[in-house]
Each structure stands twice: as structure tokens, then as C-alpha cells.
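Participant: please work out how this folds:
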Amino acid sequence: MQTPTDTYVDDATYAALRAALLSLITDPPHDADTAIVSTLGETGGIWPRSVMYDVEGA
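Facilitator: Model (predicted):
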């Protein structure tokens, strides 16, 4: 497993991300994986590098 690099977000985004992830624990969705991916991306702006648009490859 690759060692993660630190990613810093503003305090408001961090608080929103924590609250959204906590809600997934207290009220688990039917499709937890999709909910987690959506929460990380939409709330935290955290996406895997593999979905980044490759300008040089276009």
C-alpha cells in the first residue's frame, strides 16, 4: 500500500466532510461504497488521481 500524502482542506470543508462521513456511520446507506466515494468527492473535493482529466492524452 502506498503511503498517503497529507492533503489540507479549509476548516469548513473538513467539518462538512467529518459530518457527512459520520452520518454514513449513524445512518448506513444501502450502497456504502458509492456513498463514501460521493462524500469524499462532492463534500471534500477528494478524488482519485485516475479520474483526473489528462490534457496531454487528449
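
Participant: Provide a list of residues in contact with the most centrally placed residue in the chain.
Facilitator: Closest to where the C-alpha atoms of the chain average out (Cα atoms, centre = their mean) is L40, at 1.5 Å. With contact taken as Cβ atoms under 8 Å, 6 or more residues apart in numbering, L40 is in contact with L17, I46, W47. For the C-beta atoms, the positions are set from N, CA and C on the backbone; glycine is no exception.

Participant: out of the residues you listed, which are buried?
Facilitator: Neighbour-count burial (16 or more other Cβ atoms under 10 Å) applied to these gives L17.

Participant: show me where this protein dips below the pLDDT cut-off.
Facilitator: By pLDDT under 70, the weakly predicted segments of the chain are 54-58.

Participant: select the longest helix from it.
Facilitator: What stands out as the longest helix in the chain, according to DSSP state H, is helix 11-26.

Participant: name the helices or strands packed onto that one?
Facilitator: If contacts are counted by 3 or more Cβ pairs under 8 Å, 6 or more residues apart in numbering; DSSP states H and E, helix 11-26 sits against helix 32-38.

Participant: list of residues touching the helix it packs on?
Facilitator: With Cβ under 8 Å, 6+ apart, helix 32-38 has contacts from L21, L24, P29.

Participant: how close does T7 get to P28?
Facilitator: 25 Å (Cβ to Cβ, to the nearest Å).

Participant: now do T43
Facilitator: In terms of Cβ to Cβ, T43 sits 17 Å off from P28.

Participant: now swap in A35 and tell me
Facilitator: Counting by Cβ to Cβ, the separation of A35 from P28 is 8 Å.

Participant: if you count what's nearby, which of these two comes out ahead?
Facilitator: With neighbours defined as other Cβ atoms under 10 Å, A35 and P28 compare such that A35 has more, 16 against 10.

Participant: once you drop chain neighbours, what's closest to T7?
Facilitator: I46 (6.8 Å; Cβ to Cβ, 6 or more residues apart in numbering).

Participant: list the contacts for the one you found?
Facilitator: Contacts of I46 by Cβ under 8 Å, 6+ apart are T7, L17, L40.
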